[in-house]
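*Asks:* Model the structure of this input:
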Amino acid sequence: MSREDKIIKAVESNFALEGMKFSVREKKIMQDCLSGKTSFDAAIQNAIARYKRS
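*Replies:* Here you go, the predicted model:
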């Protein structure tokens, strides 16, 4: 299991402990950030923009 997979599994288990869903889309965004395809700053800015539109 890769480092990225371990991190994602840990986050997913923490979400489950809190009774929160960890969607496929969120996993994909996290995978992209961890692999370097997207920066964390860009992902955060994208999330902020998406929630402001709502």
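
*Asks:* for the helix or strand hosting residue 42, packing partners?
*Replies:* In this structure, residue 42 sits in helix 40-53 according to DSSP states H and E. Helix 40-53 makes packing contacts with helix 24-35 when contacts are defined by 3 or more Cβ pairs under 8 Å, 6 or more residues apart in numbering; DSSP states H and E. The C-beta positions use only the backbone N, C-alpha and C, and glycine is treated the same way.

*Asks:* For stretch 28-44, list every residue counted as buried.
*Replies:* For stretch 28-44, burial by neighbour count (16 or more other Cβ atoms under 10 Å) applies to 29-34, 38.

*Asks:* Which one of the residues you listed is nearest to residue 16?
*Replies:* Comparing the buried residues of stretch 28-44 against residue 16 with Cβ to Cβ places residue 30 closest, at 15.1 Å.

*Asks:* Just give the number of residues close to the closest residue to that closest one other than its chain neighbours.
*Replies:* In this structure, residue 30 finds its nearest non-sequential neighbour in residue 8, 5.7 Å apart by Cβ to Cβ, 6 or more residues apart in numbering. By other Cβ atoms under 10 Å, the residues close to residue 8 number 19.

*Asks:* same deal with the one 5 residues further on?
*Replies:* If you count neighbours by other Cβ under 10 Å, residue 13 ends up with 11.

*Asks:* just checking, what packs against the helix or strand hosting it?
*Replies:* For residue 13, the enclosing helix or strand under DSSP H and E is helix 3-17. Helix 3-17 makes packing contacts with helix 24-35 when contacts are defined by 3+ Cβ pairs under 8 Å, 6+ apart.

*Asks:* how much does the helix it packs on deviate in direction from helix 40-53?
*Replies:* If you take axes from the mean of the first three to the mean of the last three Cα atoms, to 10 degrees, helix 24-35 sits at 150 degrees to helix 40-53.

*Asks:* and the angle from helix 24-35 to helix 3-17?
*Replies:* Between helix 24-35 and helix 3-17, the angle comes out at 140 degrees (the same axes, to 10 degrees).
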